[in-house]
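J.: Any chance you could fold what I've pasted below:
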Amino acid sequence: MFDRRLVDKDIEDWIFEQWDMLHQRLGPEKPLGSSAMVLPRPGEFGSAAPSPAETAQRIFDRVQQLAGLENWPVKLESFEALKPEQVSEYVFLAPERQQSAGLFITGDGNEPIIRYDLDAVNRPMDLIATFAHELAHYLLIATQIDTGDMGEEAELLTDLAAVYMGFGVFLANSAFEFGGHQGFYGSGWSSKRQGYLSENSLLVATALFARTSGNDPEEATPFLKNRLHKSWKKALKQVDRRQDAIELMRKADNGFSEKLAQA
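T.: Purely as a prediction, here's the structure:
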């Protein structure tokens, strides 16, 4: 019999277990039922400013507001990431190591700093996903949620926390990009990966957000990349097989109870 899961059982279990932990720790202050699914609707993040840095600041301020962290002090700084170097018409040398799209820095009572690649201003979906991830770092540290050492597993949990804040569509859309080019002398391809959870894992986590918060998952469909639509349906079906776990989280969520009462 074919396995219809989008992600395997071990990954599914990890997502549900960590989601339940986040809900227990963050739910009293940030109920899922009171959380909206953030979507890239026209005008949601304002218009371009005179400079890329000012545009990034406008976008960041809106992301911070939508995350419910608008009163948390943080300084925004840009950097220029290393990019592939063109050495001939069809030959590019990639950087030896891939740089992170963003960085969260804190310590010794100083104002926290979020650093981002200035070039990402030209890719708003990626930039918003980066800001959501770095703010999730801030949230986990401020609420003293143990992420262990700052290794791969901590970054996976941080991605999941960004989905918990409502930014799953942005992270899923930005997780992987593939492109090709053709020319007179030949053709080639390139790929880009951002974030830590896989594309499929992010879709399952976003489906879990929709089901535990009461947001309509159909609202997300037009804003997901076209090639993700089929996987999004599979993610919802996979999550829906665990109705007992979903119902327990809904019952423990004050925001969800209020949403039902208003329906």
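
J.: Tell me which other helices or strands the helix or strand that contains residue 232 touches.
T.: For residue 232, the element it lies in under DSSP states H and E is helix 229-240. Helix 229-240 sits against helix 199-213, with contacts defined as 3 or more Cβ pairs under 8 Å, 6 or more residues apart in numbering; DSSP states H and E. Heads up, the C-betas are built off the backbone N, CA and C, glycines and all.

J.: Show me what counts as buried in the helix it packs on.
T.: In terms of neighbour count (16 or more other Cβ atoms under 10 Å), helix 199-213 has its buried residues at 199-213.

J.: likewise stretch 124-142?
T.: Neighbour-count burial for stretch 124-142 flags 124-140 (criterion: 16+ other Cβ under 10 Å).

J.: circling back to that earlier point, for the helix holding residue 232, which outside residues touch it?
T.: Residues outside helix 229-240 that contact it (Cβ atoms under 8 Å, 6 or more residues apart in numbering): 4-7, 12, 199-200, 203-204, 206-208, 210-211, 217, 220-221, 224, 246.

J.: Make sure residue 154 is indeed in a helix.
T.: Yes - counting by DSSP: H, G, I helix; E, B strand; the rest coil, residue 154 is found in a helix.

J.: Can you tell me how far it is from residue 18?
T.: Going from residue 154 to residue 18 by Cβ to Cβ, to the nearest Å gives 11 Å.

J.: So which of these two has more stuff around it?
T.: Between residue 154 and residue 18, counting by other Cβ atoms under 10 Å, residue 18 is the more crowded of the two (18 against 15).

J.: What strand or helix carries the more buried one?
T.: Residue 18 belongs to helix 9-26 when elements are defined using DSSP H and E.

J.: Now do that helix: everything it contacts.
T.: Residues contacting helix 9-26 (Cβ under 8 Å, 6+ apart): 5, 7, 32, 139, 143, 145, 157, 160-161, 164, 201, 204-205, 208, 212, 238, 242, 245, 249, 252-253.
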